[in-house]
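Give me the fold of what follows.
(2 chains)
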Amino acid sequence: MSRYPCSGMRKKRPLHRKIGIFLICCILMIWTLAPIYWLLISAISPSAELAAYPPHWFPENPSFERLKSITLGAAVRASSMQTMARPGVFFRRALLNSTIVAVATTLICISLGALSGYAFARIRFPGRKTLMLTPLALQMLPPIALVIPLFILIQHLGLTDSRLALIIIYPSFLLVYVIWIMTGYYQGLPKDLEDAARVDGCSRLGTFFRIVLPLSRPALFSTGLLTFLLAWDEFLYALVLTTSRAKTLPVAIGEFSTQFGVDFGMMMSGGLLASLPPILIALLFQPLLIRGITAGSVKG
Amino acid sequence: MSGIKGNRVSSSSRTDTIFAYCLIAPSLLIMIGLIIGPLLYAFWLSLHQVNFMFPGRRFMGISQYLKMLQDSAFLMALMRTLYFTVVSICFQVVLGLGAAEFLNREFRGRRLILVLIILPWAVPTIVNGTLWLWILDGSTGALNHLLMQLGLINEEVIWFGKPLLALNMIILADTWRMLPLYTIMFLAGRQSIPEELYDAAHIDGAGAWKSFFRITLPLLKAVLLVVLILRTLHTLRVFDIIFVMTKGGPAGGTTTITFLTYFTTFKFQNFGYGSAMAFFTALATLALALLYIRVLGQRGEAL
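Purely as a prediction, here's the structure:
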């Protein structure tokens, strides 16, 4: 965590300050972790215990049945097995859809973003500034303004309720971000290596693929992570453009209550699974993520 | 693809330009096809009466915009959106500044807290909404149970019973998820301020509050401005958390602009009128976006 150099003052603190700091830490941690704890607990509590009063802050009989039914497609052991098997299948397909859509979107954004970023960083061409700034403004347009025409367009193309439709559309609001990060990154790369390669007879494109791309792997990886998280989180487009087969996990969770009656246990199980990839990414790659988040606002 | 041959260093700028355009062409196509095109189409739709329940369209000119500006449902949704945006951002900025200031100190366990504090932001928006809906549930929710066990309340509070209370509960859920973002941004900004300034102020007898208002806030201005504009842009379009928590209720009390637009368009199938609302939102957003770009441009970043 060397990203957080501490603020010098290392003198001894009086006791009441120490207690004050400890208390604030406690509040901060309870505020941060209590809801996540409850998400986890609700996901592994049997339905009967979820409705109990006094509440079971820790389940007496933790059960992974619902999680299993979502991930492995196993039917939930219950009196009405048929009806309980359906939510599992419902969520499982959504999990698959979300994964495919988010991964494909990320790959598209990373490849196109790297190419464009390189052009913006290394070549002075007419229209460069306009082409950098205009998309920045456009990308901030609210999705609601675009989803209506896109809905009609997708219908005309016969792509309603397909993962392909989402994979085509998601880069439109994620790409600019990747381009900007990559442009900044390439501008920070020393040009000497590329110049040397060019002198040795390497073409511009060859230089890009053989010299620049390998060097930019870390940057591509960290922007890729953020792109994945944002694609994983997207809701409005997926809600409007999918109806059943291609539903992503957020849509499945968001619509679950209306389809199967309010079953918070199932919703929390789906929610936990939807949260796991981003939470793991946040824990494992935090410095990379923070660099990506702050890139737009803080220099360096 | 003539630019690729370039076996000499001093390739003419013309081939360079062609090469550059080849590189950005795919991205450009996506932008034009999926943003500019649809935006123009949305404008065209907003000038027509398009309702898929009643086939056939009619040119309406700007009459749908005029209707919108007199539509109390729209104006109320606009007010609610502004309330949501202003209250949640004020709340989040103040808490974020406080958390950043606190985490900028040295104490034991700080590293662990820095790692954990980002977690709410990693929880997907929809899951966040569902989770808080469950925590705040009237009869079996954890918050009511907790408050009752602690003896703070005698009977269950219906958190989503009244419009304003429901809206505030959505703000609470949104704040829980978004606070890490503010904290991280402010902390990064705070750490770029040289510590000598504080040492000097300390020697001059300035207290913690004075240092905060005289040094931290002014020097965080740039970060603050960017965060404010970006967050305003995102909060104004609030939709998913409302969809999952209240569906715009109770009694329409949490219906925001985006939710109303969604409902008008996809539930009432009134594509023309919905497009008018959507296009109005787009224009308002674009004005803010241009402001943002000017701010960035003034700081000469990345150009």
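
Tell me if B:Gln49 really is in a helix.
No: checked against DSSP: H, G, I helix; E, B strand; the rest coil, B:Gln49 lies outside a helix; its state is strand.

Excluding sequence neighbours, find me the nearest residue to residue 239.
You didn't say which chain, so I picked chain A. A:Val251 (5.2 Å; Cβ to Cβ, 6 or more residues apart in numbering or on different chains). Backbone N, C-alpha and C define where each C-beta goes, glycine included.

I was thinking of chain B, sorry if that wasn't clear
B:Thr258 is the one closest to B:Phe239 (Cβ to Cβ, 6+ apart), at 4.2 Å.

Low-confidence ranges, the stretch 51-200 of chain A, go.
A:73-86 (pLDDT under 70).

outside of the helix or strand where the residue nearest to B:Phe239 lies, which residues touch it?
Assigned by DSSP states H and E, B:Thr258 belongs to helix B:257-262. Counting by Cβ atoms under 8 Å, 6 or more residues apart in numbering or on different chains, helix B:257-262 makes contact with A:142, A:144, A:236, A:240, B:73-74, B:77-78, B:81, B:236-239, B:242-243, B:248, B:274, B:277-278, B:281, all of which sit outside it.

For the following helix or strand past it, give the mean pLDDT please.
The helix or strand immediately downstream of helix B:257-262 is helix B:271-298, counting by DSSP H and E. Averaging pLDDT along helix B:271-298 yields 87.

Could you confirm whether helix B:271-298 reaches chain A?
Yes: for a cut-off given as Cβ under 8 Å from any Cβ of the partner chain, helix B:271-298 has contacts with chain A, namely B:271, B:274-275, B:278-279, B:281-282, B:285-286, B:288-290, B:292-293, B:296-297.

Could you do stretch B:171-184 as well?
Yes: Stretch B:171-184 is in contact with chain A by Cβ under 8 Å from any Cβ, via B:176, B:181, B:184.

Can you select the buried ones from those residues in ChimeraX?
The buried residues among the residues of stretch B:171-184 next to chain A can be selected in ChimeraX (16 or more other Cβ atoms under 10 Å in any protein chain shown) with this line:
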select /B:176,181,184
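
related to what we said a few turns ago, of the residues of helix B:271-298 next to chain A - the most surrounded one?
B:Ala278 (31 neighbours; other Cβ atoms under 10 Å in any protein chain shown).

Who are the contact partners of it?
A:142, A:144-145, A:147-148, B:42, B:46, B:261, B:265.

With distance to A:Tyr53 and neighbour count as extra columns, can I get those residues in JSON lines?
Shown next, in JSON lines, are these (distance: Cβ to Cβ, whole Å; neighbours: other Cβ atoms under 10 Å in any protein chain shown):
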{"residue": "A:Pro142", "distance to A:Tyr53": "42", "neighbour count": "24"}
{"residue": "A:Ile144", "distance to A:Tyr53": "41", "neighbour count": "26"}
{"residue": "A:Ala145", "distance to A:Tyr53": "46", "neighbour count": "27"}
{"residue": "A:Val147", "distance to A:Tyr53": "42", "neighbour count": "27"}
{"residue": "A:Ile148", "distance to A:Tyr53": "45", "neighbour count": "28"}
{"residue": "B:Ala42", "distance to A:Tyr53": "50", "neighbour count": "25"}
{"residue": "B:Ser46", "distance to A:Tyr53": "51", "neighbour count": "24"}
{"residue": "B:Thr261", "distance to A:Tyr53": "40", "neighbour count": "28"}
{"residue": "B:Thr265", "distance to A:Tyr53": "42", "neighbour count": "25"}
